[in-house]
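Peer 1: sharing a sequence plus its predicted fold:
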Amino acid sequence: MSTHAATTTSGVSGRPPSAATLTWIHLKYQFLETVRVPIAVLGNLLFPALAMFFFVVPQKEVAGDPVAATTAVASLGLFAICSASLFTYGLGVAEDRALPFDPFLRSLPAGPAPRMIARILNGGIFSLFGLVPLILIGWLLTAASVTWPQLLAGVGTVLLVSVPFVLLGIAIGYSLSAKAALPVVQVILFPLAFAGGLFLPPFLFPPWLDAISMTTPTRAGRDLLVQALTGEPAYALAWVVLLGWTVVFAVLAVWAYRRDEGRRFR
Amino acid sequence: MPHGSLVSAQHVTRRFGEVVALDDVTLEVGAGELVGLLGPNGAGKSTLLSLVSGQRKPDSGVVRLFGGDPRDASSRLGLGLTPQETGLPATLKVREVVDFVGKHYANPVPTGELLEQFGLSDLAGRQTGAMSGGQKRRLAVALSLVGRPRVVLLDEPTTGLDVSARQALWTAIREYHAAGGTVLLTSHYLEEVQALAQRVVVIDQGVVKADDTLDAILRRVGLRRVVVRSTADLGADLPGVVRSERAADKDAGESGAWRYELFTADADELVRTLVTSGLPFHGLEIRGASLEEAFEQMVSHAATTDHDEAGSPTGATPSGAPDRQTSEEESAR
């Protein structure tokens, strides 16, 4: 009654592929699948750049101040990443699940981990693509300025901060149909972005809203990102809040995946 | 569990909401067997395969694959199965899909070799979205074999293919089996099961109705339909009649004649008996009940029934719809 029975067969020699190999091939083919639909990639690139161009560049008092401009780039960058993660994963996973190829993938000899990790890494890659035009506009058209180490720290922070949002997206995608996932993502994304100070800087918030704001993953992510880019310190519990939400969303994502049996909602 | 069983289902029940897709199903498949799972649409065939491949959990009962839980990825290393042809990732190239699936296994067939074997070499660089239905089917079966599996599950492997494409796939399946592979295949085409399987499991409305050698099953479903009208009670004493249906003959008006539909393996003998019996009868028709028809009637009716409308299937299962739709119905609860 051993689960190793399958590996000791006559026709099979060699070792089953490692978790790293499986993750790599899932990453590679997920990337190829996405990148061959250019509009999906372009959408990711354009939206944050346009928002930057229309809402930040024209405001002289923001665009002209190095810290304010850098903070604006950080906030919009984070919003781009939250939105890309929630939409790509919330909607993308729900749509994938409706495809007849999905049950086939689930019955290949790989557990959920390689696929999920590959999705998270892919989310990071496309988020970075989305940041490139944003950074360029910030650099060329505003007073935003960072040193190279700050930029690297910022990119690293963005990738870390994107993890809970990707996990939340996955949890939504495996729980709901594509039709239901879309409004749910919108309902979650915009209040989170607002409360997290991605649209309005939190110093404008009344104290009660500021208190709520500090418990959101968006605010924690924003402040950590601003800290990495400008040196302005984040509030003390930011890492704890971010980590806490990451754990919660990871549990939700795994639970939703295990519960899902490739059901298709019509 | 009997020793040597590669696939085993013990008293497996699976419901989708109100619908009982599988009802206390027990099935063992040993090494080297080629088993055809035969049943009308919605019978539970695809559900059974989804349990064996670890996509779903049974509500009760135990499913084992190579002795392990099929929900564990490591239990599935020796398993191959076909994706539904419509589900291939449209933007990936044929070569890439084969590479991708093959890399999940310890010792995959080299991509070039597999494509050659299935006559897909010319299409290697084409995106799967640009393939024809027959090409997709071929790729689907190729994907089930890329990992050199010990067991393959083939769900309606040749549905919708023309004759030559079907023959080519059957050849590939036979070669795999001849090399020692174990095959569990579903079909609602008796012809397909007849061409490939040695053992046939007939499943209907979630219940195993028969599990026997191909010959034995064929004897049960190789029936002819004899329609005859008579004012007499032909009764149950006619030889060789496995099932009879009696209905008031609408054309006969007030005369009170009955219209009988009799199913028998030997229509000649039945007619001979009718003639020599001296019983009154008229309007004799003999038709070879197609194997499929006979089969479908076999699974969806009791052995002998009295019907107002003879011949109309009363089974709860829809027929004629593609099986894919059935699994969606099941899935959507």
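Peer 2: Now that the structure is in, tell me what you want to look at. Predicted model only: the values in this text are computed from it and were never measured. Numbering: from 1, shown residues only, chains lettered A, B, ... in the order given.
Peer 1: the closest residue to residue A:146 other than its chain neighbours and residue A:214: what is the separation?
Peer 2: In space, and not counting its chain neighbours, residue A:146 is closest to residue A:229: 5.4 Å by C-beta to C-beta, 6 or more residues apart in numbering or on different chains. For glycine as for every other residue, the C-beta is placed from the backbone atoms N, C-alpha and C. For residue A:229, the distance to residue A:214 equals 19 Å [C-beta to C-beta, to the nearest Å].
Peer 1: which of those two has more neighbours?
Peer 2: In terms of neighbours (other C-beta atoms under 10 Å in any protein chain shown), residue A:229 is the more surrounded of residue A:229 and residue A:214; the figures are 25 against 21.
Peer 1: now stretch B:77-97: average pLDDT?
Peer 2: Stretch B:77-97 carries an average pLDDT of 86.
Peer 1: for chain B, what's the nearest residue on chain A?
Peer 2: residue A:100 (2.9 Å; C-beta to the nearest C-beta).
Peer 1: count of neighbours near the closest residue to chain A within chain B?
Peer 2: As assessed by C-beta to the nearest C-beta, chain A sits closest to residue B:87 within chain B, at 2.9 Å. Per other C-beta under 10 Å, the neighbour tally for residue B:87 reads 19.
Peer 1: next, the contact list for it, please.
Peer 2: Residue B:87 makes contact with A:99-102, A:104 under the criterion C-beta atoms under 8 Å, 6 or more residues apart in numbering or on different chains.
Peer 1: domains in chain B, by residue range?
Peer 2: Using automatic domain parsing, the domain parsing of chain B gives B:5-219, B:223-288.
Peer 1: least confident of these, on average?
Peer 2: Of all the domains of chain B, domain B:223-288 has the smallest average pLDDT, which comes to a mean of 78.
Peer 1: interface residues of the stretch 151-300 of chain B facing chain A?
Peer 2: Contact residues, the stretch 151-300 of chain B versus chain A (C-beta under 8 Å from any C-beta of the partner chain): residue B:180.
Peer 1: residue ranges of the helices in the stretch 151-300 of chain B, please?
Peer 2: B:163-178, B:190-196, B:214-221, B:267-277, B:291-300 (DSSP state H, counting those that start in this stretch).
Peer 1: and the stretch 1-150 of chain A, by the same measure?
Peer 2: Under DSSP H, counting those that start in this stretch, the stretch 1-150 of chain A gives helices at A:19-35, A:38-51, A:60-63, A:66-85, A:92-98, A:101-107, A:112-141, A:148-175.
Peer 1: what is the burial count for residue 239?
Peer 2: Looking at chain A here, since you left the chain open. With other C-beta under 10 Å as criterion, residue A:239 counts 14.
Peer 1: the intended chain is chain B.
Peer 2: The tally of other residues near residue B:239 (other C-beta under 10 Å) stands at 10.
Peer 1: about what we covered before: now the residue of chain A closest to chain B: closest residue in space, sequence neighbours ignored.
Peer 2: Closest to residue A:100 by C-beta to C-beta, 6+ apart is residue B:87, at 2.9 Å.
Peer 1: where's that neighbour relative to residue B:146, distance?
Peer 2: Here residue B:87 is placed at a distance of 16 Å from residue B:146 (C-beta to C-beta).
Peer 1: for residue 257, what are its contacts?
Peer 2: Picking chain A for this. Contact partners of residue A:257, counting by C-beta under 8 Å, 6+ apart, are A:112, A:116, A:170, A:174.
Peer 1: hmm, I had chain B in mind actually
Peer 2: Here residue B:257 is in contact with B:229-231, B:249 (C-beta under 8 Å, 6+ apart).
Peer 1: mind doing that once more with 6 Å?
Peer 2: Residues in contact with residue B:257 (C-beta atoms under 6 Å, 6 or more residues apart in numbering or on different chains) are B:229, B:231, B:249.
Peer 1: quick check: closest non-adjacent residue to the first one.
Peer 2: Counting by C-beta to C-beta, 6+ apart, residue B:229 lies nearest to residue B:283, which is 4.1 Å off, once chain neighbours are set aside.
Peer 1: pretty sure that neighbour contacts residue B:231?
Peer 2: No: taking contacts as C-beta atoms under 6 Å, residue B:283 lies outside contact range of residue B:231: 11.6 Å.
Peer 1: give me every residue in the stretch 51-200 of chain A lying close to chain B.
Peer 2: Within the stretch 51-200 of chain A, the positions near chain B by C-beta under 6 Å from any C-beta of the partner chain are A:99-101, A:103-104, A:106-111.
Peer 1: again, 10 Å this time
Peer 2: Residues of the stretch 51-200 of chain A found near chain B (C-beta under 10 Å from any C-beta of the partner chain) are A:96, A:98-114, A:177.
Peer 1: run through who's touching stretch B:267-276.
Peer 2: B:223-226, B:228, B:230, B:234, B:237-241, B:262-264, B:266, B:279, B:281, B:284, B:286-289 (C-beta atoms under 10 Å, 6 or more residues apart in numbering or on different chains).
Peer 1: wait, doesn't residue B:133 sit right on residue B:88?
Peer 2: No: using C-beta atoms under 10 Å as the test, residue B:133 is too far from residue B:88 to be in contact (11.2 Å).
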